[in-house]
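Visitor: dropping a prediction and its sequence here:
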Amino acid sequence: MLRDYLAESGVASELYAKVPERANLVARLPGRGGGPSLLLLSHTDTVVADRSEWQVDPWSGELRDGEVWGRGALDMKGEVAASAVAIASLAREGFEPAGDLIFVAAADEEVGDGYGLPWLCEEHPEAVRADYALNEGGGERIELAGRALYLCSTAEKMSSPFRLRVHGRAGHASMPGIADNALTKAAPLIERLAAYRPELRLEEEADALVQTIAGQKLGAEEALALARELDPYAAETLEPLLSLTLSPTMISASGQRNVIPSTCEVVVDCRLLPGQTQAEVEPLLRDVLGEGDYDFEWIEGRGGTRSPLQTPLWDAVAGFVAEADPEAAVVPICVAGFTDSHWLRESFGTVVYGFFPMRTMDARLASRLIHSADERAHVEDLELGAECFRHVARAVCG
């Protein structure tokens, strides 16, 4: 559908697929030479949706009171659509960039099964290599301390989940005294992780945000106290950016009710600050867990990258905000979650920001609708996003 829509405006695109049913679209306005390239990055897959929890069919795309309802409206089919509209409209206007203007609609980001951007970077690097890129992960308009701010993500935390495998001895559940229950041995380990409060520190992105709000440099504890005083949403946004986070999320033990488990596995969602490594954090986590009959194993380590702030891409984003919302300013932020941005940073050294501006829908509401029931995007925000991408394209590679 995207390929046909773009073709109507004279935009050439290719489909790249690891498997036929999971194709990635890469569209391009070729540069005339000598200028930087810009990539508009998005993904077409979504998380699941339960119809019984929604007011509308989650796959309907129903237009209601100026909002498009459906799974992925915010994460991130809205940005897919705005990117397509931006590049198509520029093509119709005869825009000839100095460097390539590229639009990528990747097939796989939510699950990470290797069908999307990482596969493209490895197997078809020539298709997605770019100097600059805009992706999801920022763009919310918030008001704090009397100031209007747009958040632009320039970094993301590392996804570093780990597994604890707790050992015991199996036995019949009717005779607990003869066994050594691995499940009950796991409980205090989980409690220690839940009770742990890591030392707070201000990374450069959070520091810049805090200085913009406070008008002065603050320590991490002071910054969090100020955020809590100003607005609960500010505190919710800032707190996970001041330290690693630990969230036990999965546990598995016996496969039968009447069998005491000899092993119990606990999976912990762990996010590290940009620049933190698993090697430096593991001794700290082992100290928190203490002694015990368990094995510690990292499951993966993805992300944890950042892009510099003083770049032509930053100037282009700030320039758009200055035109569209003169009373507002752009401030950097680190993404507490995970996006595809790090694949471009790691593969090509691309400067990648997360910025899809949103000023009509309240940022607090939007944050609670992503991956939740009744997800929806306001049409005015989709229009704003398309205009932003048009502006940035002209500013960066025009």
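Guide: Perfect, I can see it now.

Visitor: and the gap between L246 and S160?
Guide: Counting by CB to CB, to the nearest Å, the gap from L246 to S160 is 10 Å. The way it works is simple: take the backbone N, C-alpha and C, and place the C-beta from them, glycine included.

Visitor: now for those two: what residues contact both?
Guide: Residues touching both L246 and S160 (CB atoms under 8 Å, 6 or more residues apart in numbering): C270.

Visitor: give me the more crowded residue out of the two.
Guide: For the pair L246 and S160, the greater number of neighbours falls to S160 (23 against 17), based on other CB atoms under 10 Å.

Visitor: tell me the pLDDT of the more buried one.
Guide: Note on S160: pLDDT of 97.

Visitor: now do D45
Guide: pLDDT for D45: 97.

Visitor: in three-state terms, how would it be classified?
Guide: Here D45 is recorded as coil under DSSP: H, G, I helix; E, B strand; the rest coil.

Visitor: residues in contact with it?
Guide: D45 makes contact with A107, D108, E109, E110, V111, G116, according to CB under 8 Å, 6+ apart.

Visitor: which of those lies closest to L273?
Guide: E109 (21.9 Å; CB to CB).

Visitor: that closest one and A318: what is the separation?
Guide: Computed as CB to CB, the E109 to A318 distance reads 27 Å.

Visitor: higher neighbour count, the two?
Guide: E109 (25 against 16).

Visitor: just checking, that one touches S341?
Guide: No: using CB atoms under 8 Å, E109 is not in contact with S341, being 10.4 Å away.

Visitor: now the helices: where do they sit in the stretch 201-350 of the chain?
Guide: Here the stretch 201-350 of the chain has its helices, by DSSP state H, counting those that start in this stretch, at 204-214, 220-230, 232-238, 278-289, 312-324, 341-348.

Visitor: and of those helices, who's closest to A377?
Guide: With distances scored as CB to CB, the stretch of these nearest to A377 is helix 312-324 (17.4 Å).

Visitor: which among the contacts of D45 end up buried?
Guide: Buried members of those, counted by 16 or more other CB atoms under 10 Å: A107, D108, E109, E110, G116.

Visitor: how far off centre is the longest helix along the chain?
Guide: Using DSSP state H to define each element, the chain has its longest helix at helix 379-397. Averaging C-alpha positions (CA atoms, centre = their mean, to the nearest Å) puts helix 379-397 20 Å from its chain's average.

Visitor: can you give me the angle that helix makes with helix 312-324?
Guide: Put simply, helix 379-397 runs at 130 degrees to helix 312-324, going by axes from the mean of the first three to the mean of the last three CA atoms, to 10 degrees.

Visitor: what's the mean pLDDT across helix 379-397?
Guide: Across helix 379-397, pLDDT averages out at 98.

Visitor: got the buried residues for it?
Guide: Of the residues in helix 379-397, those buried (16+ other CB under 10 Å) are 381-382, 384-397.

Visitor: what packs against that helix?
Guide: Applying 3 or more CB pairs under 8 Å, 6 or more residues apart in numbering; DSSP states H and E, we find helix 379-397 packed against strand 38-43, strand 67-69, helix 78-92, strand 132-135, helix 312-324.

Visitor: domain parsing for this protein?
Guide: 2-151+304-397, 156-302 (automatic domain parsing).

Visitor: just for the stretch 151-300 of the chain, where's the confidence low?
Guide: For the stretch 151-300 of the chain, no stretch has pLDDT under 70.

Visitor: quick one: E229 from D293, how far?
Guide: Distance, E229 to D293, by CB to CB: 45 Å.

Visitor: quick check: the farthest pair among the buried residues of helix 379-397?
Guide: D381 and C397 (24.3 Å).

Visitor: hey, which of the helices of the stretch 201-350 of the chain is tucked in deepest?
Guide: Scoring the helices of the stretch 201-350 of the chain by mean neighbour count under mean count of other CB atoms under 10 Å gives helix 341-348 as the most buried, with a mean of 22.

Visitor: so L101 touches V392, yeah?
Guide: No: the criterion here is CB under 8 Å, and L101 misses it with V392 at 9.9 Å.

Visitor: surely S341 meets T305?
Guide: Yes: the criterion here is CB under 8 Å, and S341 meets it with T305 at 7.1 Å.

Visitor: what touches both of those two?
Guide: E156.

Visitor: so what's the closest residue to L101 other than its chain neighbours up against?
Guide: Closest residue to L101 apart from its sequence neighbours, by CB to CB, 6 or more residues apart in numbering: L29 at 4.3 Å. By CB under 8 Å, 6+ apart, the residues touching L29 are V11, I87, L90, A91, F95, E96, P97, D100, L101, I102.

Visitor: from the residues you listed, pick the one nearest M175.
Guide: Nearest member of the contacts of L29 to M175, counting by CB to CB, is I102, at 65.5 Å.

Visitor: which strands or helices does the host helix or strand of that closest one pack on?
Guide: For I102, the host element (DSSP states H and E) is strand 101-106. Using 3+ CB pairs under 8 Å, 6+ apart, the elements in contact with strand 101-106 are strand 23-29, strand 38-43, helix 78-92, helix 117-123.

Visitor: repeat the analysis, applying 7 Å as the threshold.
Guide: Packing contacts for strand 101-106, counted by 3 or more CB pairs under 7 Å, 6 or more residues apart in numbering; DSSP states H and E, involve strand 23-29, strand 38-43, helix 78-92.

Visitor: closest to V267 out of the ones you listed?
Guide: When the helices and strands packed on strand 101-106 are compared by CB to CB, strand 38-43 sits nearest V267, at 24.2 Å.

Visitor: now what about that closest one, what contacts it?
Guide: Applying CB atoms under 7 Å, 6 or more residues apart in numbering, the contact partners of strand 38-43 are 76, 79-80, 83, 86-87, 101-106, 109, 116, 128, 130, 132-135, 340, 389, 392-393, 396-397.
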